[in-house]
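Colleague: sequence and computational prediction follow.
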Amino acid sequence: MILIASLVVGLLFACGVRMVLERELVRVACGTVLLTNSSVLLILAGSFPERGEAVNVQPGFPVTDPVLQSLALTAIVIGFAVSALLLTLVHRTQRAHGSLRTDRLVEAELKRAHDTGEGTPG
Amino acid sequence: MPLLLPILLALACAPLAYVAGRWRPGASAWVGASGAVASLVALGWELTLGPARLVLPWAPTWGLSLEFTRDGLSGLYAVMALSVGALVVLYSRAYLPHHLEEKGRPARDEVRFHVLLLSFMAAMVLLVTVDDLLLLFVALDLTTIVSYLLIGYDRDDPESRAAALLSLVLTGATSVVFFAGAMTLGLQYGTFSLPLVFERAATSPASTGALVCLAVGALGKSAQVPFHFWLPRAMAAPTPVSSYLHSAAMVAAGVFLLQRLYPLFAPALAVRDGLLAIGFLSMTVGSLLALVADPFKRVLAYSTIAQYGYALVLVALGSEGAPFYVAAHAPCKAALFLTVGAVTQVTGKKKLSEVSGLRHSLPVLAGASAVAAAGLAALPLTVGFFKDEVFFHALVQRGPAFMAAGLVGAGLTLAYTLRLWWGLFGGKRQDVPAAPRLLVAPVVVLAGSVLAGGILPGLLVEPARAAASAMRGEPSTLALAYHLDARAENLLAVGAWALGALLFATRLAWTPGLARVLEVVSRFGPELGYRRLLHLLDRLSTWLHELEVRDLRDRVASVLVPTGLLGLTVLWVTPLRHRFLPGTVGWADLTLVMALVFASGAALATLRARGHMVLVLLISCVGFSLAMVYAFAAAPDVALTSVLVESVFTLLFAGLLALLPSRRLERAQQEAQKPRGRDRISAGIAGVSAFLLSWSALSHLQADRVGTQTVKLAEVAHSPNVVAAVLTDFRGLDTVGEMSVVVAALLGVTSLLRLKGKR
């Protein structure tokens, strides 16, 4: 069970990184969602081997670790909030630059630095 | 805690001066100087009480404590730092307004200078009072940081900034080496407390490597060869800074460290021989350069290198005169620096070749600086005479070769001191306006102390002996008195004066030749190596930067890949690596595994998704499969939240796609190029690292969980749902933090969506 869970964590993480490294902002946002999912899974995977009841605990019965559950809850909610912000930023960036491609953004950034006379650092 | 009183007073000087300066800029110097004097009085009162130690617990679990000492060595150096500090602050009251006006800066910047100078003084007092290897390092770095700000005080001047950076890099790098030495000793002896370290070092001597590290830190600070080149460059600072750094603070700190740690060096004869060689080398290099330098401040800077070379020789020989030497040098050098500062301010000139015959216009300054110069050149009736006496005394015990080296060194000192003083005040008459009284008074006070020490040496015997016995850990028999007989020390002194006078008289014959030789030699000095190294590092940094910013993807990969590799390395080197548990899978786990497989399949499919809508649906498919996993893993709260969040998120995503113009979306899809090979590799490294790290983490779960305690405590919280109890009761603050993140994010979302226009 441990091996399977950590394999899935690694797979989700790899897919997330792969998406984040795409050129297009919508896919980058999707990648971060996958990364969030993989970390939530990792937190909760700590309770997989000895899971039991979560509510209405009876003495002597196994219990799913409540601390891990609450940590996972926090992670999910914060992940959602941050992803929502990120999506809105994608929307804003598209409005401002007229492009969804990261290389275009870099070009625009360099151009502006050049125009304002700051030059590239270094 | 009476021992802390002088330190606290010294630490209070800078803030008090700042407050006073806010009220009236001119007041900061006076307030600061009175604070320094108050601290000096407190210190004097304490020194009458005899040696003492104070230990305050800091982090007892790690065996760390704040340890302070009051002994002869710390007393001598603290008196030096405080008294010279007070005088220099007063002097800068008269010096700074003119300086700032020249640089076109507002007059209120003066306060900043006083505050920095007083902070430096406090750091120095702290350094000499602490009795713990780690605290020594902390105080040493404090002096480094403040000295950076002081040397770079003229921040509009590129040369000044470069000099400040050079001193920061050099003294900072060497103090990191010192830290390495301190850590080695701490690990070897199991403590950082100096008395304990000394005690344990008596039975098992410190390793040579650790001692060399400590010595490198001290040599960098004291500007000894091969680290000497930062000091002349630091002359770009305003003169009061140079005066203080060279006489009683910064540069003295290095030699102080060696004296404080002398019991460790005492048995290590090889290290001491190395220090001896460096000391003699610094003496020679510094004296020769001082003989030909033209700017007055450079002459004095090279002289400092040479004089601390003497002090280093004394430490290396284990002489009891070492602390006294530094103390006797301080007032002479401070007075001379303040003199040249006053000359520069009155005449506007900075070079020896540009001034002469100022004795007619500045008679008091000429007289006072003559006394200070005599002190530096070790003429009788000044305290300087005794500094050379203890020096010769130490050399006589080592044999004729050492005596000859000492003779030449002292002769050179007299020659360059005469050259400096004569260049300023002797020769053809120049008429200049009189110097402000506040510029001259500190020089007169310092010269008075030089003279008093020379006429009444008996007063100095007690502090010098206390410092020597604190350094060597045994009672000292140091004697300071005039002896009118033909003993070796006296003969050497007379010989040195004769040599110095001869060199000075014939200076026109050899100066140009020596200057040419030194110029050629210094072109291949360590400064060249430093510049090369800096240039290479600069190029490396530019190259990495270029590589990183060319593409956003590389920026992300340059964080993820090294982190992943770091994680793999950690797993490789830690002894946990044989403890990966595969875990057990039963029939009951079937649903869980199926949901996990579902999630993985959906995640893999996202990589292949072409359309954006498909992508969004696949992402939410991953989310819902994971919600299923949580449900099968008996975590219903998490599963419910997950379903809720996933639904809202899918709607949000779909809404975003509707907001984005479809034309642009299509183009972006078409233009999204095929993945580069290195992206696959980056993702692979990150994934493997995440997999192995989580596997290792999940294989090492403790049997005794916090959760079992929480379950018991949930009854007290009157909540049948343990998770709810954890969220609201036990980790309530976490939940509050989580809520604020959500609120901040939502505010961001709404304000971003409401923004109109392009920017």
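Modeller: Alright, I've got the coordinates. Numbering: from 1, shown residues only, chains lettered A, B, ... in the order given.
Colleague: from chain A, how far out is B:Gly181?
Modeller: For B:Gly181, the distance to chain A (Cβ to the nearest Cβ, to the nearest Å) stands at 35 Å. Glycine gets a C-beta too; all of them are placed from N, C-alpha and C.
Colleague: what's around B:Gly341, how many residues?
Modeller: Residues contacting B:Gly341 under the criterion other Cβ atoms under 10 Å in any protein chain shown number 28.
Colleague: list the contacts for it?
Modeller: B:Tyr91, B:Tyr95, B:Pro238, B:Thr239, B:Pro240, B:Ser242, B:Ser243, B:Leu439 (Cβ atoms under 8 Å, 6 or more residues apart in numbering or on different chains).
Colleague: cutoff 10 Å now
Modeller: B:88, B:91-92, B:94-95, B:99, B:238-243, B:296-297, B:435, B:439, B:442-443 (Cβ atoms under 10 Å, 6 or more residues apart in numbering or on different chains).
Colleague: now swap in B:Pro106 and tell me
Modeller: Residues near B:Pro106 by Cβ under 10 Å, 6+ apart: B:Pro25, B:Leu100.
Colleague: which pLDDT value belongs to it?
Modeller: Predicted confidence (pLDDT) for B:Pro106: 87.
Colleague: tell me the secondary structure for it?
Modeller: Under the three-state scheme (DSSP: H, G, I helix; E, B strand; the rest coil), B:Pro106 adopts coil.
Colleague: how close does it get to chain A?
Modeller: Taking Cβ to the nearest Cβ, one finds B:Pro106 at 27 Å from chain A.
Colleague: now do B:Leu134
Modeller: Taken as Cβ to the nearest Cβ, the span from B:Leu134 to chain A is 36 Å.
Colleague: wait, isn't that residue in contact with B:Met183?
Modeller: Yes: applying Cβ atoms under 10 Å as the test, B:Leu134 and B:Met183 come out as touching, 8.6 Å apart.
Colleague: neighbour-wise, which of the two wins?
Modeller: Set B:Leu134 next to B:Met183 and count neighbours by other Cβ under 10 Å: B:Leu134 wins out with 19 against 16.
Colleague: my reading is that B:Ser65 is in a strand; is that accurate?
Modeller: Yes: assigned with three-state DSSP, B:Ser65 falls within a strand.
Colleague: state the pLDDT value of it.
Modeller: What the model reports as pLDDT for B:Ser65 is 87.
Colleague: what residues are up against it?
Modeller: Counting by Cβ under 10 Å, 6+ apart, B:Ser65 touches B:54-59, B:131-132, B:134-135, B:191-193.
Colleague: now the strands: where do they sit in the stretch 651-759 of chain B?
Modeller: In the stretch 651-759 of chain B, no strands are found when defined by DSSP state E, counting those that start in this stretch.
Colleague: low-confidence ranges in it?
Modeller: Along the stretch 651-759 of chain B, the model assigns pLDDT under 70 to residues B:665, B:667-675, B:756-759.
Colleague: what about whichever residue of the stretch 301-450 of chain B sits closest to chain A, how many neighbours?
Modeller: Nearest residue of the stretch 301-450 of chain B to chain A (Cβ to the nearest Cβ) works out as B:Ala301 at 32.8 Å. Here the number of neighbours of B:Ala301 (other Cβ under 10 Å) works out to 28.
Colleague: that one: which element?
Modeller: Element membership for B:Ala301, per DSSP states H and E: helix B:296-317.
Colleague: can you check my assumption that B:Leu54 lies in a strand?
Modeller: Yes: assessed with three-state DSSP, B:Leu54 lies in a strand.
Colleague: my guess is it contacts B:Pro2. True?
Modeller: Yes: contact criterion Cβ under 10 Å: B:Leu54 and B:Pro2 qualify, at 8.8 Å.
Colleague: higher neighbour count, those two?
Modeller: Set B:Leu54 next to B:Pro2 and count neighbours by other Cβ under 10 Å: B:Leu54 wins out with 17 against 12.
Colleague: tell me who's in contact with the more buried one.
Modeller: Counting by Cβ under 10 Å, 6+ apart, B:Leu54 touches B:1-4, B:7, B:65-70, B:129, B:131.
Colleague: pLDDT weak spots in the chain?
Modeller: Unless you meant another one, I'm taking chain A. Judged by pLDDT under 70, chain A has its weakly predicted residues at A:51-62, A:117-122.
Colleague: that was the other one, I meant chain B.
Modeller: B:1, B:549-550, B:576-578, B:665, B:667-675, B:756-759.
Colleague: let me know the outermost residue of chain B.
Modeller: Distance from the C-alpha centroid of chain B peaks at B:Trp587, with 62.8 Å (Cα atoms, centre = their mean).
Colleague: can you map out the helices along chain A?
Modeller: A:2-20, A:25-45, A:66-97, A:102-115 (DSSP state H).
Colleague: what's the closest of those helices to chain B?
Modeller: Here helix A:2-20 is closest among those (Cβ to the nearest Cβ), at 2.5 Å.
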